[in-house]
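*Asks:* My questions concern the predicted model and sequence given below.
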Amino acid sequence: MAYLFYIRTPKPVILFMKYLFVALLLISPFYALSQANYHKGSVTVTNDKVLNGYINYGEWNLNPKYIEFKSDLNSKDVIKYYPATTEAFEINGIEKYVRYSGSISLNHVNFPGLTYGQDTTIKQDIVFLRQIASGNNVTLYSYADSLKIRYFVQDKHEQPIELSYQKYFDATGANTLTSKRYLTQLNFLAGKYAADNTRLTNKIAQADYNTNDIENIVNELNSHQGIAKPTEHHSFYISYFAGAGVSISKTRFLGTTDLANSSSTSSLPRLDVGIDIFTNRTIQKFKLRIDIAYTYINPTLTGKQYSTASGPFVETYSFTQHTFTISPQVIWNAYNTDAFKFFVGAGIGFNFSSYPKNTYGLVGSYNQSIIPFKLQGDWFNLPVQAGIVLNKRFEIFASYTADASFLIDSNISLSSMIFNGGIHYLFK
């Protein structure tokens with residue numbers, strides 16, 4: 001059945017696909033620069049006036065220094081709003097940010113920036129805080145810049161205060177110490193709003209300085225039943241896909257052998273499944289993909305033809321390779337809308353191959369078997385890819401993998417250059 005799919009692939013086609021990949025990778029930054037991502041939202045300016053319109057929503061791993069606002073989606077007029085002149089802004093159903101004017105800690109919490117003794121350096125600034133959780137009693141915010149992430153709590157309508165967390169060296173520099181004053185701050189709020197909740201007190205004692213632990217505590221402080229309400233996150237999302245396509249492989253020898261520079265090119269089916277892990281479920285601009293694929297090749301490579309008294313013969317090597325590939329990849333949607341996405345990506349392929357056929361010999365006026373080469377069961381390569389997504393459901397992709405050897409020999413290389421193309425169906 002495999003031979004029904006065998007297609008001889010012309011060399012110009014392979015060269016065209018190779019240069020196409022280079023072109024796509026070069027132009028992808030221009031797609032990103034030309035694209036905006038406006039969502040319906042509102043801006044509250046300093047006189048408490050609410051402006052409804054559209055906000056350019058980026059994948060904000062760091063808190064934005066300003067936002068871009070349009071009163072009408074089709075308008076070319078873009079207004080920038082900064083914290084100094086903005087009380088708050090909200091992207092409907094997604095995120096909310098509020099203005100904060102006050103002190104912000106500047107101590108490092110990771111090596112190599114740790115100091116000897118506690119660093120109490122602060123700065124006065126006006127920034128946007130991201131709202132994580134809110135309720136009748138306490139609101140939780142975060143502020144992330146290039147230095148670190150910080151958490152702020154607001155007790156009812158009072159000014160937000162930063163939850164203090166310090167890591168530093170002792171005087172000798174031999175030990176790393178940690179100051180968890182944020183636990184004292186959270187315990188104060190627990191005593192005020194959940195004095196009889198010993199389970200919450202125990203939870204606070206074990207809480208790390210991260211979003212999940214602190215958010216659960218704040219939700220419980222806002223619950224009359226003393227049970228934390230579930231919170232929908234917009235920062236993490238998993239989807240699944242499956243697909244099929246064609247794998248074009250050019251297998252060749254290099255090195256000191258009569259088979260050197262011989263090659264075999266063919267096109268055979270490819271099947272794959274996998275998962276996509278998005279860093280932001282709403283924007284979906286970056287994702288980690290884990291792809292599991294099955295392919296096979298069945299090349300025949302021939303060397304020089306020799307003439308002897310008994311007649312001509314040629315050195316011939318053939319094998320069948322069945323391969324399962326696990327490939328973690330980083331994918332970037334350079335152009336990103338609900339209806340259409342253009343993406344590029346790269347990763348590493350961990351290949352696990354079997355060789356049910358592996359023959360080497362002289363073929364012609366007489367036949368002679370030669371001990372075949374020892375081929376690797378485990379090997380890796382480095383794929384790059386590009387493609388488009390239509391209506392969040394159908395993904396059309398193509399990938400290129402440079403030569404990667406799977407022959408265990410110090411003087412000879414047997415490798416395959418691979419082009420894959422096909423379609424994925426995105427389930428979620």
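*Replies:* Alright, I've got the coordinates.

*Asks:* what packs against the longest strand seen in the chain?
*Replies:* Longest strand of the chain, by residue count under DSSP state E: strand 311-336. Using 3 or more C-beta pairs under 8 Å, 6 or more residues apart in numbering; DSSP states H and E as the contact criterion, the secondary-structure elements in contact with strand 311-336 are helix 11-34, strand 286-297, strand 300-308, strand 340-347, strand 349-364, strand 383-390. For every residue, glycine as well, the C-beta is placed using N, CA and C.

*Asks:* Going by mean pLDDT, which of those comes out lowest?
*Replies:* Taking the mean pLDDT of each of the helices and strands packed on strand 311-336, the lowest value is held by helix 11-34, a mean of 51.

*Asks:* After it, which helix or strand is next?
*Replies:* Where DSSP states H and E defines the elements, the next helix or strand beyond helix 11-34 is strand 38-45.

*Asks:* List the buried residues of the helix or strand following that next one.
*Replies:* Proceeding C-terminally, strand 38-45 gives way to strand 50-56 as the next helix or strand, assigned by DSSP H and E. Neighbour counts over strand 50-56 (16 or more other C-beta atoms under 10 Å) mark 53-56 as buried.

*Asks:* returning to what we had before: chain center to the longest strand of the chain, what's the gap?
*Replies:* On the basis of C-alpha atoms, centre = their mean, to the nearest Å, strand 311-336 is displaced by 24 Å from the centre of the chain it belongs to.

*Asks:* Give the rounded mean pLDDT of that strand.
*Replies:* For strand 311-336, the mean pLDDT works out to 91.

*Asks:* What pairs with it, parallel or antiparallel?
*Replies:* Strand 311-336 pairs in its sheet with strand 286-297 (antiparallel), strand 300-308 (antiparallel), strand 340-347 (antiparallel), strand 349-364 (antiparallel), by DSSP bridges.

*Asks:* Break down the stretch 101-250 of the chain into its helices, ranges please.
*Replies:* Counting by DSSP state H, counting those that start in this stretch, the stretch 101-250 of the chain forms helices over residues 181-193, 198-205, 211-221, given from the N-terminal end onward.

*Asks:* what's the second one packed up against?
*Replies:* By that I understand helix 198-205. Counting contacts by 3+ C-beta pairs under 8 Å, 6+ apart, helix 198-205 is packed against helix 181-193, helix 211-221.

*Asks:* Show me the contact partners of the last one.
*Replies:* Residues lying outside helix 211-221 but in contact with it, judged by C-beta atoms under 8 Å, 6 or more residues apart in numbering, are 132-133, 135, 137-140, 142, 151, 153, 163, 182, 186, 189-190, 193-194, 197, 200, 203-204, 206-207, 226-229, 231.

*Asks:* and Asp258, that one's in a helix?
*Replies:* No: following the definition DSSP: H, G, I helix; E, B strand; the rest coil, Asp258 is coil and is not counted among the residues of a helix.

*Asks:* just the angle between the stretch of helix or strand Ile396 belongs to and strand 349-364, please?
*Replies:* Assignment of secondary structure by DSSP H and E places Ile396 within strand 394-405. Using axes from the mean of the first three to the mean of the last three C-alpha atoms, to 10 degrees, the inter-axis angle of strand 394-405 relative to strand 349-364 is 60 degrees.

*Asks:* just checking, next helix/strand downstream of strand 394-405?
*Replies:* Next along the chain after strand 394-405, taking DSSP H and E as the criterion, comes strand 412-426.

*Asks:* Parallel or antiparallel, list what pairs with that next one.
*Replies:* According to DSSP bridges, strand 412-426 has the following sheet partners: strand 237-255 (antiparallel), strand 394-405 (antiparallel).

*Asks:* Adding mean pLDDT and distance to Gln305, write those strands out as TSV.
*Replies:* Formatted as TSV, the strands paired with strand 412-426 follow (pLDDT from 0 to 100; distance: least, C-beta to C-beta, whole Å):
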stretch	mean pLDDT	distance to Gln305
strand 237-255	92	16
strand 394-405	93	26
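
*Asks:* Using a markdown table, lay out those strands together with distance to Ile277 and mean neighbour count.
*Replies:* Conversion of the strands paired with strand 412-426 to a markdown table gives the following (distance: least, C-beta to C-beta, whole Å; neighbours: other C-beta atoms under 10 Å):
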| stretch | distance to Ile277 | mean neighbour count |
| --- | --- | --- |
| strand 237-255 | 5 | 18 |
| strand 394-405 | 15 | 18 |
